[in-house]
Every structure is written in structure tokens, then in C-alpha cells.
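*Asks:* sequence-free structure coming up:
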């Protein structure tokens, strides 16, 4: 079943070895150190990655990838300048998790890496530009496939680090990051537990058909019985927690609980339906982190 998803995403074309990441900078903070890397990708581009290493923990330690638009979003500030980034306040998963004793990391998504652009980092048209270029260069590779492949490269970096306990690796993400976390988490056996926040579990619950994701292919996937219930079934009974707030709701929980393979482990599926909008409140995030702790610590 996983093979069907990999083929649909176009992943076989891009998952060959891409080379080792290079450490380019390091920053020291009271609770953790932060390392910045330039990591090569299989399509010849590079992603900028930041990895947070907790202090006062025994190594090898558990680790969680926190994919998102860019690392600063999962930090909530720019480590080079110290500038706070209020837009990301409250969802800085990388900081939350490193303070809980996890090695955590995040890389840039492909709207920032695939094309050289004079547009600002937050200019949303960069997504359209990058998706068009990706389709031109790699017709079989979907945008969601590119996001999944790049997230798996983050997992490569974690798994190769001797400070990481490769048997205790998880993944967590919000919104776009939730999409990346869910796909990579379901398809990569190195991920032991998945936490995803308000990413749209049903095809109609989010902008899945946008060109930088599935580019209009979801109706044909649905005709083949390929939905996110089926994708979750492909990795069952891997623990999965969904935080629902706006795009996800009670119906998302109904869909996820129909996944096959969890009959003997219903506790491996958790819906936290806070219903307070797209951005999860602190108590919902804490419930998600507690779920990670249950299976990774």
C-alpha cells in the first residue's frame, strides 16, 4: 500500500542519496544549543536546516523533526539577530520540544529552496513559482512529493547523528508542517510517532489541490480509494495524534479512527479537538507533546 503512495507522490525519482549536510553556524542559548546546516537534496538543491540540542540530557536522546515553512517559524525568533517573530508565537514547536529534552530540527520548505528569487520570504507567490518550476523540471514529482522527500532528508540528518537515539524518532508539525509530518511520518518507518496539527485530514478540508501540493490530483486518488485514512492504515499501528481546531474537526477524528490496523491498539490514535481556530492553544499542544512522550521516552 505504501508503494502506491510513493508512486503517486513521485518519490522514486528523488530519494537517491544526496550527500552529507555541512555545519555552517552554531548558537548558544540557556537551555539548548542551535546548529545550522546546509543540507543537499537529491534534486541538486539545498535546504537550510536548524537543529536544537538540549543541554543536561543523556545521549543518545529522543528526537523530533518539526517541518515547517522555515526554521525561524519553529523557533519563534531569528537566532542571528535575536528578533522576535510574533506571527509564529505560540506554535514554536522546535523550542517547546527541545525544552522537553528532545533533539529537534526544522528545514526550509521548497518554496524557498527550489528557485532563486528576489521575492521576500513571506511572499506567498513563491509557492506558485516553485511549484511551476518543479512541474517543468520533474513532471512526475508532485509538490507534496517534494515536501515529503525533503522532510525525509531531515530524518536522514537526525538518524545519522550519534547524539540521536534512532529508535526514538518522532515528527510533529502544524498546518503546512502538519501535512509534511503526516506524509513523512506515515511513509518513513524511522518515525515512531506522529503529531500533526490542523492540516486537513479529509481531501475537502484543506487546499490539497493547490499546485504546490497535489495539483488537482485528489479526485483521481479518491477514485482509487487513496485518502488519508488509507495512508494512515499503511503505517498502522503507528501512534498518531491529531490536533483539530479549524480545518480539522470531529469528522477528522471519525476518518482517522476508520484506519485499518489499529483495532488492537485504539490508544495509538488520539484526536485533541480544541475547536479554537487554526492555531492550537497551549493546552492542546501540551496534550500532543504528552502523546509524543508516551511513545518516545
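*Replies:* Ah, there it is. Quick caveat, the model's predicted, so the values are computed rather than measured.
*Asks:* what segments of the protein are strands?
*Replies:* Assigned by DSSP state E, the chain shows strands spanning 22-28, 32-40, 46-54, 61-65, 103-107, 164-174, 193-197, 240-244, 269-273.
*Asks:* point out the most buried one among those strands.
*Replies:* strand 103-107 (a mean of 29; mean count of other Cβ atoms under 10 Å). Every residue, glycine included, has its C-beta placed from N, CA and C.
*Asks:* now the strands of the chain in a markdown table, with mean pLDDT and distance to residue 156?
*Replies:* Below are the strands of the chain laid out as a markdown table (pLDDT from 0 to 100; distance: least, Cβ to Cβ, whole Å):
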| stretch | mean pLDDT | distance to residue 156 |
| --- | --- | --- |
| strand 22-28 | 98 | 14 |
| strand 32-40 | 97 | 8 |
| strand 46-54 | 97 | 10 |
| strand 61-65 | 98 | 10 |
| strand 103-107 | 98 | 11 |
| strand 164-174 | 98 | 11 |
| strand 193-197 | 98 | 18 |
| strand 240-244 | 98 | 22 |
| strand 269-273 | 98 | 27 |
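*Asks:* would you mind giving those strands as JSON lines with distance to residue 84 added?
*Replies:* Listed next are these as JSON lines, based on distance: least, Cβ to Cβ, whole Å:
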{"stretch": "strand 22-28", "distance to residue 84": "15"}
{"stretch": "strand 32-40", "distance to residue 84": "15"}
{"stretch": "strand 46-54", "distance to residue 84": "16"}
{"stretch": "strand 61-65", "distance to residue 84": "23"}
{"stretch": "strand 103-107", "distance to residue 84": "17"}
{"stretch": "strand 164-174", "distance to residue 84": "18"}
{"stretch": "strand 193-197", "distance to residue 84": "21"}
{"stretch": "strand 240-244", "distance to residue 84": "24"}
{"stretch": "strand 269-273", "distance to residue 84": "27"}
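*Asks:* out of the ones you listed, nearest to residue 254?
*Replies:* Closest of these to residue 254 is strand 269-273, at 8.9 Å (criterion: Cβ to Cβ).
*Asks:* which residues sit against the closest one?
*Replies:* Defining contact as Cβ atoms under 8 Å, 6 or more residues apart in numbering, one finds that strand 269-273 is touched by 239-245, 248-250, 252-253, 256-257, 259, 262, 284, 287-288, 291.
*Asks:* low-confidence ranges in the chain?
*Replies:* For the chain, applying pLDDT under 70 flags the ranges 12-18.
*Asks:* same thing but 90
*Replies:* Scanning the chain for pLDDT under 90 picks out 1-3, 11-19, 42-44, 116-118, 120-122, 124.
*Asks:* so where's the longest helix in it?
*Replies:* Of all the segments of type helix in the chain, defined by DSSP state H, the longest one is helix 143-159.
*Asks:* tell me which of the strands of the chain sits nearest to residue 90.
*Replies:* Across these, closest to residue 90 is strand 164-174 (Cβ to Cβ), at 9.8 Å.
*Asks:* for residue 40, give me its contacts.
*Replies:* Residue 40 makes contact with 18, 19, 20, 21, 46 under the criterion Cβ under 8 Å, 6+ apart.
*Asks:* one more: residue 28?
*Replies:* residue 34.
*Asks:* hey, what's it bridged with?
*Replies:* As for beta bridges, residue 28 partners with residue 33 under DSSP bridges.
*Asks:* that one and residue 51: what is the separation?
*Replies:* The gap separating residue 28 from residue 51 is 14 Å, by Cβ to Cβ, to the nearest Å.
*Asks:* center of this protein, which residue is that?
*Replies:* With distances taken as Cα atoms, centre = their mean, residue 181 lies nearest the centre of the chain, 3.0 Å away.
*Asks:* circling back: ranking by neighbours, what's the top pick from the contacts of residue 40?
*Replies:* The most crowded member of the contacts of residue 40, judged by other Cβ atoms under 10 Å, is residue 21 (23 neighbours).
*Asks:* just checking, that residue touches residue 159?
*Replies:* No: using Cβ atoms under 8 Å as the test, residue 21 is too far from residue 159 to be in contact (11.9 Å).
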